[in-house]
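Based on what follows, work out the 3D shape:
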Amino acid sequence: MKTYKYLVLLLILGLLLVACGGDTATDEPVVEPDNTAVEETEEVADEPVEEPAEEVADEPVEEVVAEPMEEETAVADLDGAFTTFLSGMTGYNTISIDALNEMMVEEPPFLLDVREPSELTEKGWIEGAVNIPLREVADNLQYLPSFDTPIVSYCGSGWRCTIALVALEALGWEDVRGLTGGSFGGWVEAGYPIAEGDIPELVALDAAAPDPAMVVAMQEMLHNVPDGFGAISADDLSIELVENPDIILIDVRRPEEVEENGYVDHSNLIFVPLEQFIELSADWPADMDAPIAVYCGSGHRSTIAMSILWSYGYTDVRSLRGGFGGWASGGFPAVGVPEPTFDMDAAFTTFLDGMTGYNTISVDDLNLLLVEDPPPFVLDVREPSELEANGYIEGAVNIPLREVADHIEWLPSFDTPIVSYCGSGWRCTIALVALEGMGWEDVRGLTGGSFGAWVEAGYPVAEGLPLEPMVLDVAEPDPAAVAAMQEMLHNVPEGFGAITADDFNLALLENPELFVIDVRRQEELEENGVIEAANWVHVPLETFVALKDQWPADPDAPIVVYCGSGHRSTIAMSILWSYGYTDVHSLRGGFGGWVEAGYPAAEFVAP
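All right, here's what the predicted structure looks like:
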């Protein structure tokens, strides 16, 4: 019994000892979850071990906040990017060929060639350019420079590089310009140097870090650029407007341009100036798949707007090539187009006052000019069938005579020298009159038999047909002047107004009312004599417009103009046509041919 009690006392004593050791047990990690820690608030607040506990509590909160933020940045801020771009434009972010050439010497920009490699292999490229085809630009951003480095984008004609500059500006590059004036084609035409051979390998720069969401957006846009790059001609648009009256037109010109020049006549037309394109996005079509055609003055701004709409997911958007200017000059339906105000007297007086050698050039002189840097712009006004049968001068652009004023976009700047030629020298004279009348300042006609003389002289001839003319869009003649010259050229008669000495003699006999104009200088008349006619008048070519009161009052009167050989009289005939005279001929071979044919010459008697 005593032993039993002794054992119980030992057991109780052991339990008490265990209970007394509880203060040291609270330092062990296993007791941190004990609820007593919450009750002892003052001690817990003073303990430094609670600081990591607060950090641990903050960590899951930060993770929860970060996830929705990542979801928000996954959506590209197109509005912000394009607003920044449009508000910062200078000259609609274009650069001329001459200005780029100057930059290349002073402080070269980063050159981006967005053509296909096959185009570079065939035609060359601007020295130092990096080649990334348009649809792959957003896939190869590691090869581009820092955001603040000036970039000049170029392509074949100026269309694709505009789409590229829109994408790059959206991605964050701050100074991207598109090369105008025909882009690479214009660069070559201007005679500036090109590189040829193996295309240089791309070099990774990794100098910019665009927003990943914006990269995805621009990849999506560029990957889906359609064949033809979204361009639509005035002819094709006019057909579509008839076949699908629901097509939506967007005019992105400034209000003053619309008021001054007019607009396309179409029921579904909305006006959204490019400068406010994002600000007025509520005016865009609600249907993302709606057929849309955008136009501006010439085609550049509308291509910017088209690219922006593509970026927002619009699927059927095109840009009018040549813009409203091409539409109006093509005679398509327009509203508010001002009445022509072309000062034809001033245009032709300027031309006649500035003539040098009556604006002719020999085949030998042309051959010398072609090896200069830059060469002149050579214009072949024969029919394509003639080129195919007989060849052409290498580098010439072919626009048949009656279509010259219909294709202003293929012609160079006003101050670029142009040499026009044809089969014998007749049609090219008519063409030079039209071009000078529209504002070109240095147009000459190839004399001596024109292309025939070129061949006879043994100068090189290219065979077949030349390449399709490049769109340059560098000259902006008065639309009224263009319309006047179109009217004149479209009505050039069969035979191009030439009359032989035999036919002229017969006409004088059959029609004594025939009006005859001698455009030679007075000293020529005194030295060589004149062709005798009842209605003969002397109006020297140099003062032809100044003395237009000497012209017949009746615009339908039959008229024959002559000079020494036929060149000056063809200039005068073309001017008369431009003023609306309907029955004018130029004597082939002139006074010299008349005399050689055995017809009489009368002594000139001064009035």
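
Going by neighbour count, list what's buried in whichever strand or helix holds L222.
When elements are assigned from DSSP states H and E, L222 belongs to helix 212-223. Under the neighbour-count criterion of 16 or more other CB atoms under 10 Å, helix 212-223 has M214, V215, A217, M218, Q219, M221, L222 buried. (C-beta placed from N, C-alpha, C; glycine too.)

Quick check: neighbours of whatever helix or strand comes next after that helix in the sheet, parallel or antiparallel?
Note on helix 212-223: by DSSP H and E, the next helix or strand toward the C-terminus is strand 231-232. Its sheet considered, strand 231-232 pairs with strand 317-320 (parallel) by DSSP bridges.

CA-only coordinates of the partner strand, as PDB, when you get a sec.
Only the C-alpha atoms of strand 317-320 are listed here, as PDB (Å, rounded to 0.1, in the frame of the first residue of the first chain):
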ATOM      1  CA  VAL A 317     -10.700  48.600 -97.000                       C
ATOM      2  CA  ARG A 318      -9.000  50.100-100.000                       C
ATOM      3  CA  SER A 319      -7.300  53.400-100.800                       C
ATOM      4  CA  LEU A 320      -8.000  55.300-104.100                       C
END
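
so how far is that strand from its chain's centroid?
Computed by CA atoms, centre = their mean, to the nearest Å, the chain-centroid distance of strand 317-320 equals 13 Å.

got a list of contacts for it?
Applying CB atoms under 8 Å, 6 or more residues apart in numbering, the contact partners of strand 317-320 are 230-234, 237, 292-296, 299, 302-303, 305-306, 309-310, 326-327.

try stretch 341-361
Stretch 341-361 is contacted from outside by 369, 419, 432-433, 436-439, 441, 443-447, 478, 480-481, 483-484, 541-546, 548, 567-568, 571, 575, 578-579, using CB under 8 Å, 6+ apart.

Now with 7 Å, please.
419, 432, 436-437, 443-447, 478, 480-481, 484, 541-542, 544-546, 567-568, 575, 578-579 (CB atoms under 7 Å, 6 or more residues apart in numbering).

got a list of what G590 touches?
Y562, C563, G564, S565, G566, S569.

From what I see, the second one and T570 are in contact.
Think C563. No - counting by CB atoms under 7 Å, C563 does not reach T570; the two are 8.3 Å apart.

rewinding a little: among the contacts of strand 317-320, name the ones in helices.
A234, L237, S302, T303, A305, M306, L309, W310, G326, W327 (DSSP state H).

pLDDT score for the fifth one?
The pLDDT attached to A305 in the predicted structure is 98.

Please tell me how far it sits from P552.
51 Å (CB to CB, to the nearest Å).

who has more neighbours, the two?
Counting neighbours by other CB atoms under 10 Å for A305 and for P552 shows that A305 has the greater number, 25 against 18.

so that one touches E275, yeah?
No - A305 is beyond contact range of E275, at 10.8 Å (criterion: CB under 7 Å).

What's the end-to-end length of stretch 245-255?
Start-to-end span of stretch 245-255 (CA to CA, to the nearest Å) is 24 Å.

Could you pull up the mean pLDDT of it?
Here the average pLDDT along stretch 245-255 is 97.

Checking D98 next. Helix, strand or coil?
helix (DSSP: H, G, I helix; E, B strand; the rest coil).

Sorry, wrong one. I was asking about L111.
Quick answer, by three-state DSSP: L111 is strand.

What residue, apart from its backbone neighbours, is nearest it spatially?
In space, and not counting its chain neighbours, L111 is closest to A129: 3.9 Å by CB to CB, 6 or more residues apart in numbering.

Which pLDDT value goes with that neighbour?
pLDDT, A129: 97.

list the contacts for it?
Counted by CB under 7 Å, 6+ apart, A129 has contacts L111, L112, D113.

Test my guess that the second one contacts P150.
Right, L112. No - the criterion here is CB under 7 Å, and L112 misses it with P150 at 10.9 Å.

Have a look at these two and say which one is more surrounded.
Shown here are L112 and P150; by other CB under 10 Å, L112 has more neighbours (26 against 17).

Could you find the closest non-adjacent residue to the more buried one?
S153 (4.6 Å).

Can you show me the CA trace of stretch 500-511 as PDB?
In PDB, the C-alpha atoms belonging to stretch 500-511 read as follows (Å, rounded to 0.1, in the frame of the first residue of the first chain):
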ATOM      1  CA  THR A 500       1.100  67.400-147.500                       C
ATOM      2  CA  ALA A 501       2.100  70.100-150.000                       C
ATOM      3  CA  ASP A 502       0.000  68.400-152.600                       C
ATOM      4  CA  ASP A 503      -3.100  68.300-150.400                       C
ATOM      5  CA  PHE A 504      -2.600  71.800-149.300                       C
ATOM      6  CA  ASN A 505      -2.300  73.100-152.900                       C
ATOM      7  CA  LEU A 506      -5.600  71.200-153.700                       C
ATOM      8  CA  ALA A 507      -7.300  72.700-150.700                       C
ATOM      9  CA  LEU A 508      -6.300  76.200-151.700                       C
ATOM     10  CA  LEU A 509      -7.800  75.600-155.200                       C
ATOM     11  CA  GLU A 510     -11.100  74.100-153.800                       C
ATOM     12  CA  ASN A 511     -11.600  76.400-150.900                       C
END
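
tell me the mean pLDDT for it?
The average pLDDT within stretch 500-511 is 97.

who's in contact with it?
With CB under 7 Å, 6+ apart, stretch 500-511 has contacts from L514, A533, P558, V560, L587, R588, G589, G593, W594, A597, Y599.

tally of neighbours for the first one?
If I follow you right, that is L514. 20.

got it, and E386?
Count around E386 with other CB under 10 Å applied: 17.

per-residue confidence at it?
Looking at E386, its pLDDT reads 96.

Regarding it, what is its secondary structure?
With three-state DSSP as the criterion, E386 reads helix.

On the three-state scheme, the residue lying closest to it once chain neighbours are set aside is what?
Residue nearest to E386 in three dimensions, not counting chain neighbours: G423, with 6.4 Å by CB to CB, 6+ apart. At G423, secondary structure determined by three-state DSSP is coil.

so how many other residues sit close to G423?
So G423, with other CB under 10 Å, has 17 neighbours.

Repeat that for G564.
18.

Which pLDDT value belongs to it?
At G564, pLDDT is 97.

ok, the residue nearest to L111 to G197 distance?
Taking CB to CB, one finds A129 at 13 Å from G197.

on that earlier part again, I'd like to know which of the contacts of A129 is nearest to A209.
Closest approach to A209 among those (CB to CB): L112, at 18.3 Å.

distance of the closest residue to P133 other than its chain neighbours from V471?
Nearest non-adjacent residue to P133, counting by CB to CB, 6+ apart: E116, 5.3 Å away. The gap separating E116 from V471 is 18 Å, by CB to CB.

In terms of packing, which of the two has more residues around it?
Each of E116 and V471 has its neighbours counted (other CB under 10 Å); V471 has more, 22 against 17.

Contacts only, for that one.
S157, G158, G182, E409, W410.

Lowest pLDDT pick from those residues?
G182 (75).

That one reaches T416, doesn't it?
No - look at G182 against T416 with CB under 7 Å: they stay out of range, at 11.2 Å.

more neighbours, the two?
When G182 and T416 are compared for neighbours, G182 comes out ahead with 25 against 19, by other CB under 10 Å.

And the spatially closest residue to that one that is not a sequence neighbour, how close does it get to E189?
Sequence neighbours aside, L472 is the residue nearest to G182 in space, at 3.8 Å (criterion: CB to CB, 6+ apart). Distance, L472 to E189, using CB to CB: 7 Å.
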